[in-house]
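1. got a sequence here, can you model it:
(one chain, ligands or ions: 2)
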Amino acid sequence: MSTLTEDIVRLKEMRNAVILAHYYVNDEVQEIADYIGDSYYLSKVAKDLKEDVIVFAGVSFMGESAKLLCPDKTVLMPDMKADCAMAHMVDLDKIQKMREEYEDLAVVCYINSTAKIKTYADVCVTSANAVKIVKNLPNKNIFFIPDGNLGRYVAEQVPEKNVILNDGYCPVHAAQTKEDVKNAKAKYPNAEFVVHPECIKELLDEASYIGSTSGIIDYVSNSSCNEFIIGTEDGVFYELKKQNPEKKFYKLNDKFVCHDMKLVTLEKIKNVLETMENQVEISEELREKALRPLDNMLEYAK
Ligand code: 13P
Ligand code: SF4
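-> Numbers count the residues shown, from 1 in each chain. Ligands and ions are numbered 1, 2, ... in the order given. All right, here's what the predicted structure looks like:
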(Lines give C-alpha, C1' and ligand atoms only; values in the text may rest on other atoms or scores of the structure.)
(Ligands and ions follow the chains in the order given, each with its own letter.)
Protein backbone atom coordinates (compact mmCIF):
# COMPACT_ATOMS: atom_id res chain seq x y z
CA MET A 1 0.00 0.00 0.00
CA SER A 2 1.38 3.44 -0.88
CA THR A 3 1.66 6.14 1.79
CA LEU A 4 -1.08 8.09 0.08
CA THR A 5 -3.45 5.12 0.24
CA GLU A 6 -2.48 4.48 3.87
CA ASP A 7 -3.25 8.12 4.70
CA ILE A 8 -6.68 7.81 3.04
CA VAL A 9 -7.48 4.62 4.96
CA ARG A 10 -6.48 6.27 8.23
CA LEU A 11 -8.43 9.47 7.52
CA LYS A 12 -11.47 7.47 6.45
CA GLU A 13 -11.48 5.72 9.78
CA MET A 14 -10.95 8.93 11.68
CA ARG A 15 -13.85 10.68 9.89
CA ASN A 16 -16.08 7.58 9.77
CA ALA A 17 -16.17 8.05 6.01
CA VAL A 18 -16.93 5.91 2.98
CA ILE A 19 -15.79 6.42 -0.63
CA LEU A 20 -18.28 5.99 -3.49
CA ALA A 21 -16.85 5.96 -7.01
CA HIS A 22 -18.39 5.96 -10.48
CA TYR A 23 -16.95 3.57 -13.07
CA TYR A 24 -15.58 6.53 -15.06
CA VAL A 25 -13.05 7.79 -12.48
CA ASN A 26 -9.32 7.00 -12.58
CA ASP A 27 -8.30 3.37 -11.91
CA GLU A 28 -6.39 4.17 -8.71
CA VAL A 29 -9.50 5.85 -7.29
CA GLN A 30 -11.71 2.86 -8.16
CA GLU A 31 -9.08 0.67 -6.49
CA ILE A 32 -9.49 2.33 -3.08
CA ALA A 33 -13.27 2.94 -3.27
CA ASP A 34 -15.64 1.14 -0.91
CA TYR A 35 -18.39 1.05 -3.53
CA ILE A 36 -17.97 1.33 -7.31
CA GLY A 37 -20.90 1.42 -9.66
CA ASP A 38 -23.16 3.20 -12.12
CA SER A 39 -25.38 6.13 -11.15
CA TYR A 40 -28.35 3.94 -10.19
CA TYR A 41 -26.33 1.58 -7.99
CA LEU A 42 -24.55 4.46 -6.25
CA SER A 43 -27.78 6.28 -5.41
CA LYS A 44 -29.28 3.08 -3.96
CA VAL A 45 -26.12 2.46 -1.91
CA ALA A 46 -25.93 6.05 -0.62
CA LYS A 47 -29.40 5.79 0.92
CA ASP A 48 -28.48 2.90 3.22
CA LEU A 49 -24.98 3.87 4.38
CA LYS A 50 -24.25 3.99 8.09
CA GLU A 51 -21.09 6.13 7.94
CA ASP A 52 -21.24 9.87 8.72
CA VAL A 53 -19.26 11.11 5.72
CA ILE A 54 -19.51 10.24 2.00
CA VAL A 55 -16.64 11.13 -0.31
CA PHE A 56 -18.17 11.08 -3.79
CA ALA A 57 -15.62 10.27 -6.48
CA GLY A 58 -17.70 11.49 -9.38
CA VAL A 59 -19.25 14.66 -10.82
CA SER A 60 -21.39 17.24 -9.04
CA PHE A 61 -24.87 15.87 -9.82
CA MET A 62 -23.80 12.60 -8.14
CA GLY A 63 -22.74 14.37 -4.95
CA GLU A 64 -25.95 16.41 -5.00
CA SER A 65 -28.05 13.26 -5.37
CA ALA A 66 -26.25 11.65 -2.44
CA LYS A 67 -26.88 14.77 -0.31
CA LEU A 68 -30.56 14.83 -1.32
CA LEU A 69 -30.94 11.19 -0.31
CA CYS A 70 -28.88 11.49 2.90
CA PRO A 71 -29.31 15.04 4.27
CA ASP A 72 -27.78 14.17 7.65
CA LYS A 73 -24.52 13.01 6.14
CA THR A 74 -21.61 15.17 5.11
CA VAL A 75 -20.97 14.73 1.37
CA LEU A 76 -17.51 15.75 0.17
CA MET A 77 -16.50 16.31 -3.45
CA PRO A 78 -12.77 15.76 -4.11
CA ASP A 79 -12.95 18.47 -6.81
CA MET A 80 -15.87 20.93 -6.93
CA LYS A 81 -15.09 21.67 -10.60
CA ALA A 82 -15.93 18.10 -11.67
CA ASP A 83 -19.25 18.71 -13.37
CA CYS A 84 -21.36 17.10 -16.09
CA ALA A 85 -22.07 19.52 -18.95
CA MET A 86 -25.29 17.71 -19.83
CA ALA A 87 -26.67 18.22 -16.31
CA HIS A 88 -27.38 21.88 -17.21
CA MET A 89 -28.82 21.40 -20.71
CA VAL A 90 -32.48 22.13 -20.05
CA ASP A 91 -34.49 25.24 -20.82
CA LEU A 92 -36.82 25.60 -17.82
CA ASP A 93 -39.36 27.67 -19.84
CA LYS A 94 -39.71 24.75 -22.23
CA ILE A 95 -40.77 22.49 -19.35
CA GLN A 96 -43.47 24.99 -18.42
CA LYS A 97 -44.65 25.18 -22.04
CA MET A 98 -44.86 21.38 -22.28
CA ARG A 99 -46.89 21.21 -19.06
CA GLU A 100 -49.35 23.74 -20.52
CA GLU A 101 -49.60 21.82 -23.80
CA TYR A 102 -50.11 18.29 -22.39
CA GLU A 103 -52.47 17.87 -19.47
CA ASP A 104 -51.17 14.42 -18.46
CA LEU A 105 -47.47 15.22 -18.99
CA ALA A 106 -44.81 13.42 -16.95
CA VAL A 107 -41.45 15.19 -16.87
CA VAL A 108 -38.88 12.40 -16.74
CA CYS A 109 -35.45 13.63 -15.74
CA TYR A 110 -32.20 11.76 -16.26
CA ILE A 111 -30.28 11.74 -12.97
CA ASN A 112 -27.51 13.59 -14.87
CA SER A 113 -29.13 16.93 -14.00
CA THR A 114 -28.72 19.65 -11.37
CA ALA A 115 -30.82 19.58 -8.19
CA LYS A 116 -32.62 22.72 -9.44
CA ILE A 117 -33.65 21.01 -12.68
CA LYS A 118 -34.84 17.98 -10.71
CA THR A 119 -37.35 20.19 -8.88
CA TYR A 120 -39.25 20.54 -12.19
CA ALA A 121 -39.47 16.79 -12.73
CA ASP A 122 -41.97 14.11 -11.75
CA VAL A 123 -39.53 11.26 -11.70
CA CYS A 124 -35.80 10.75 -12.20
CA VAL A 125 -34.28 7.87 -14.15
CA THR A 126 -30.81 6.55 -14.84
CA SER A 127 -29.68 4.77 -17.97
CA ALA A 128 -30.16 1.48 -16.08
CA ASN A 129 -33.85 1.95 -15.34
CA ALA A 130 -35.20 4.58 -17.80
CA VAL A 131 -37.03 2.13 -20.08
CA LYS A 132 -38.65 0.28 -17.19
CA ILE A 133 -39.80 3.47 -15.46
CA VAL A 134 -41.20 5.17 -18.58
CA LYS A 135 -43.04 1.95 -19.46
CA ASN A 136 -44.61 1.80 -15.97
CA LEU A 137 -45.70 5.43 -15.75
CA PRO A 138 -49.46 5.92 -16.12
CA ASN A 139 -48.88 9.01 -18.34
CA LYS A 140 -49.02 8.79 -22.12
CA ASN A 141 -47.09 12.01 -22.75
CA ILE A 142 -43.52 12.14 -21.51
CA PHE A 143 -41.06 15.04 -21.69
CA PHE A 144 -37.64 13.43 -21.36
CA ILE A 145 -34.88 15.78 -20.13
CA PRO A 146 -31.99 16.56 -20.53
CA ASP A 147 -30.50 13.82 -22.74
CA GLY A 148 -31.97 13.67 -26.24
CA ASN A 149 -30.04 10.53 -27.13
CA LEU A 150 -31.13 8.49 -24.11
CA GLY A 151 -34.64 9.92 -24.62
CA ARG A 152 -34.73 8.74 -28.23
CA TYR A 153 -33.54 5.26 -27.23
CA VAL A 154 -36.25 5.07 -24.53
CA ALA A 155 -38.89 6.27 -27.03
CA GLU A 156 -37.95 3.43 -29.39
CA GLN A 157 -38.27 0.86 -26.59
CA VAL A 158 -41.63 2.20 -25.43
CA PRO A 159 -43.51 2.97 -28.69
CA GLU A 160 -46.88 3.13 -26.91
CA LYS A 161 -45.83 6.44 -25.29
CA ASN A 162 -45.45 9.89 -26.82
CA VAL A 163 -41.90 10.75 -25.73
CA ILE A 164 -41.01 14.39 -26.43
CA LEU A 165 -37.26 14.88 -26.72
CA ASN A 166 -35.01 17.62 -25.38
CA ASP A 167 -31.80 18.65 -27.14
CA GLY A 168 -29.28 18.01 -24.32
CA TYR A 169 -26.43 15.59 -24.90
CA CYS A 170 -23.29 14.18 -23.34
CA PRO A 171 -20.35 15.90 -25.07
CA VAL A 172 -18.26 12.76 -24.58
CA HIS A 173 -20.64 10.01 -25.72
CA ALA A 174 -22.31 12.05 -28.46
CA ALA A 175 -18.93 12.91 -30.02
CA GLN A 176 -18.28 9.31 -31.12
CA THR A 177 -19.06 8.65 -34.78
CA LYS A 178 -20.25 5.81 -36.99
CA GLU A 179 -16.86 6.04 -38.69
CA ASP A 180 -15.16 5.21 -35.34
CA VAL A 181 -17.28 2.05 -35.11
CA LYS A 182 -16.59 1.10 -38.73
CA ASN A 183 -12.84 1.43 -38.17
CA ALA A 184 -12.86 -0.49 -34.89
CA LYS A 185 -14.96 -3.31 -36.37
CA ALA A 186 -12.57 -3.57 -39.33
CA LYS A 187 -9.61 -3.77 -36.94
CA TYR A 188 -11.25 -6.28 -34.57
CA PRO A 189 -13.59 -8.39 -36.73
CA ASN A 190 -14.25 -10.97 -33.97
CA ALA A 191 -15.28 -8.43 -31.37
CA GLU A 192 -18.82 -7.56 -30.33
CA PHE A 193 -19.66 -3.86 -30.09
CA VAL A 194 -21.44 -2.75 -26.88
CA VAL A 195 -22.64 0.80 -26.31
CA HIS A 196 -24.09 3.28 -23.80
CA PRO A 197 -27.43 4.86 -24.83
CA GLU A 198 -25.99 8.37 -24.48
CA CYS A 199 -24.35 7.75 -27.86
CA ILE A 200 -26.02 8.77 -31.14
CA LYS A 201 -28.49 6.49 -32.94
CA GLU A 202 -26.02 5.58 -35.71
CA LEU A 203 -23.81 3.95 -33.06
CA LEU A 204 -26.66 2.19 -31.26
CA ASP A 205 -27.75 0.67 -34.60
CA GLU A 206 -24.35 -1.03 -34.86
CA ALA A 207 -24.34 -2.56 -31.36
CA SER A 208 -24.93 -6.10 -30.06
CA TYR A 209 -25.89 -4.64 -26.71
CA ILE A 210 -27.09 -1.22 -25.50
CA GLY A 211 -27.09 -0.42 -21.78
CA SER A 212 -25.81 1.50 -18.78
CA THR A 213 -22.23 1.03 -17.61
CA SER A 214 -23.23 -1.77 -15.22
CA GLY A 215 -25.44 -3.26 -17.96
CA ILE A 216 -22.42 -3.33 -20.27
CA ILE A 217 -20.22 -4.93 -17.59
CA ASP A 218 -22.86 -7.61 -16.84
CA TYR A 219 -23.47 -8.32 -20.53
CA VAL A 220 -19.77 -8.72 -21.29
CA SER A 221 -19.16 -10.89 -18.21
CA ASN A 222 -21.99 -13.26 -19.17
CA SER A 223 -21.29 -13.39 -22.91
CA SER A 224 -19.59 -16.38 -24.54
CA CYS A 225 -17.75 -13.92 -26.82
CA ASN A 226 -14.14 -13.14 -25.84
CA GLU A 227 -13.55 -9.77 -27.49
CA PHE A 228 -15.44 -6.51 -27.18
CA ILE A 229 -15.28 -2.98 -28.57
CA ILE A 230 -16.44 -0.75 -25.72
CA GLY A 231 -18.78 2.12 -26.58
CA THR A 232 -18.57 4.08 -23.38
CA GLU A 233 -16.13 6.11 -21.26
CA ASP A 234 -12.80 4.38 -20.80
CA GLY A 235 -12.98 4.20 -16.97
CA VAL A 236 -15.10 1.04 -17.32
CA PHE A 237 -12.05 -0.87 -18.58
CA TYR A 238 -10.87 -1.18 -14.97
CA GLU A 239 -13.92 -3.18 -13.85
CA LEU A 240 -14.24 -5.03 -17.17
CA LYS A 241 -10.68 -6.35 -16.87
CA LYS A 242 -11.06 -7.09 -13.17
CA GLN A 243 -14.14 -9.24 -13.75
CA ASN A 244 -12.92 -10.76 -17.03
CA PRO A 245 -9.12 -11.10 -17.02
CA GLU A 246 -9.27 -13.63 -19.86
CA LYS A 247 -11.28 -11.41 -22.24
CA LYS A 248 -10.02 -8.69 -24.58
CA PHE A 249 -11.37 -5.15 -24.59
CA TYR A 250 -10.79 -2.55 -27.28
CA LYS A 251 -11.33 1.20 -27.22
CA LEU A 252 -13.51 2.76 -29.88
CA ASN A 253 -10.84 5.48 -30.05
CA ASP A 254 -8.56 7.38 -27.67
CA LYS A 255 -10.97 10.28 -27.17
CA PHE A 256 -13.63 8.45 -25.15
CA VAL A 257 -12.70 10.26 -21.92
CA CYS A 258 -14.81 12.35 -19.54
CA HIS A 259 -12.24 14.88 -18.32
CA ASP A 260 -14.49 15.97 -15.46
CA MET A 261 -14.55 12.46 -14.02
CA LYS A 262 -10.76 12.32 -14.33
CA LEU A 263 -10.40 15.42 -12.12
CA VAL A 264 -10.88 13.12 -9.12
CA THR A 265 -7.50 12.01 -7.78
CA LEU A 266 -6.20 10.25 -4.67
CA GLU A 267 -4.48 13.47 -3.53
CA LYS A 268 -7.77 15.37 -3.70
CA ILE A 269 -9.59 12.61 -1.79
CA LYS A 270 -6.97 12.77 0.93
CA ASN A 271 -7.23 16.55 1.01
CA VAL A 272 -11.00 16.69 1.53
CA LEU A 273 -10.85 14.02 4.22
CA GLU A 274 -8.18 16.06 5.97
CA THR A 275 -9.77 19.50 5.64
CA MET A 276 -13.48 18.53 5.36
CA GLU A 277 -13.68 21.17 2.59
CA ASN A 278 -15.87 20.91 -0.55
CA GLN A 279 -19.05 19.93 1.28
CA VAL A 280 -22.20 19.67 -0.83
CA GLU A 281 -24.77 22.16 0.52
CA ILE A 282 -28.44 22.02 -0.43
CA SER A 283 -31.07 24.26 1.16
CA GLU A 284 -34.03 22.56 2.81
CA GLU A 285 -36.40 24.22 0.32
CA LEU A 286 -34.45 22.91 -2.68
CA ARG A 287 -34.07 19.49 -1.09
CA GLU A 288 -37.78 19.05 -0.48
CA LYS A 289 -38.59 19.63 -4.15
CA ALA A 290 -35.63 17.83 -5.72
CA LEU A 291 -35.88 14.72 -3.54
CA ARG A 292 -39.41 13.82 -4.67
CA PRO A 293 -38.46 12.71 -8.22
CA LEU A 294 -35.43 10.84 -6.88
CA ASP A 295 -37.55 8.99 -4.33
CA ASN A 296 -40.09 8.28 -7.08
CA MET A 297 -37.30 6.73 -9.15
CA LEU A 298 -36.26 4.40 -6.33
CA GLU A 299 -39.90 3.40 -5.85
CA TYR A 300 -40.72 2.87 -9.57
CA ALA A 301 -37.48 1.00 -10.24
CA LYS A 302 -38.09 -1.62 -7.54
P1 13P B 1 -24.50 5.41 -15.92
O2 13P B 1 -25.97 5.68 -15.77
O3 13P B 1 -24.25 4.22 -16.77
O4 13P B 1 -23.82 5.43 -14.63
O5 13P B 1 -23.91 6.61 -16.75
C6 13P B 1 -23.68 7.82 -16.13
C7 13P B 1 -23.00 8.74 -16.99
O8 13P B 1 -22.60 9.78 -16.61
C9 13P B 1 -22.86 8.34 -18.34
O10 13P B 1 -22.20 9.28 -19.03
FE1 SF4 C 1 -21.71 13.86 -18.02
FE2 SF4 C 1 -20.98 12.67 -20.24
FE3 SF4 C 1 -19.20 12.93 -18.29
FE4 SF4 C 1 -21.25 11.23 -18.06
S5 SF4 C 1 -19.54 11.11 -19.51
S6 SF4 C 1 -20.56 12.69 -16.52
S7 SF4 C 1 -22.87 12.34 -19.15
S8 SF4 C 1 -20.16 14.60 -19.47
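
2. helix, strand or coil for Cys199?
-> Recorded secondary structure, Cys199: coil (DSSP: H, G, I helix; E, B strand; the rest coil).

3. what does the chain put close to ligand 2?
-> Taking CB under 6 Å from any ligand atom, the part of the chain that reaches ligand 2 is made up of 59, 84-86, 112, 170-173, 198, 233, 258, 260-261. Where you see a C-beta, it was placed from the backbone N, CA and C, and this is true even at glycine.

4. hmm, which of the residues you listed are the buried ones?
-> Among the residues of the chain next to ligand 2, those classed as buried by 16 or more other CB atoms under 10 Å are 59, 84-86, 112, 170, 172-173, 198, 233, 258, 260-261.

5. in CSV: the residues of the chain next to ligand 2, plus secondary structure, distance to Gly215 and pLDDT.
-> Output for the residues of the chain next to ligand 2, formatted as CSV (DSSP: H, G, I helix; E, B strand; the rest coil; distance: CB to CB, whole Å; pLDDT from 0 to 100):
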residue, secondary structure, distance to Gly215, pLDDT
Val59, coil, 20, 98
Cys84, coil, 19, 98
Ala85, helix, 23, 98
Met86, helix, 19, 98
Asn112, coil, 16, 97
Cys170, coil, 16, 98
Pro171, coil, 22, 98
Val172, coil, 18, 98
His173, helix, 14, 98
Glu198, coil, 12, 98
Glu233, coil, 14, 98
Cys258, coil, 18, 98
Asp260, coil, 22, 98
Met261, helix, 18, 98
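
6. got a list of what the nearest residue to His173 once chain neighbours are set aside touches?
-> Computed as CB to CB, 6 or more residues apart in numbering, the closest residue to His173 that is not its neighbour in sequence is Glu198, at 3.7 Å. Residues touching Glu198, when contacts are defined by CB atoms under 8 Å, 6 or more residues apart in numbering, comprise Met86, Ser127, Asp147, Asn149, Leu150, Tyr169, Cys170, His173, Ala174, Thr232.

7. dihedrals phi and psi, Glu198?
-> Main-chain dihedrals, Glu198, degrees, to the nearest 10: phi -80, psi -10.

8. would you map the strands across this protein?
-> Along the chain, the stretches classed as strands by DSSP state E are 17-22, 35-37, 53-57, 74-76, 106-110, 123-125, 141-145, 162-165, 192-195, 209-210, 227-231, 248-251.
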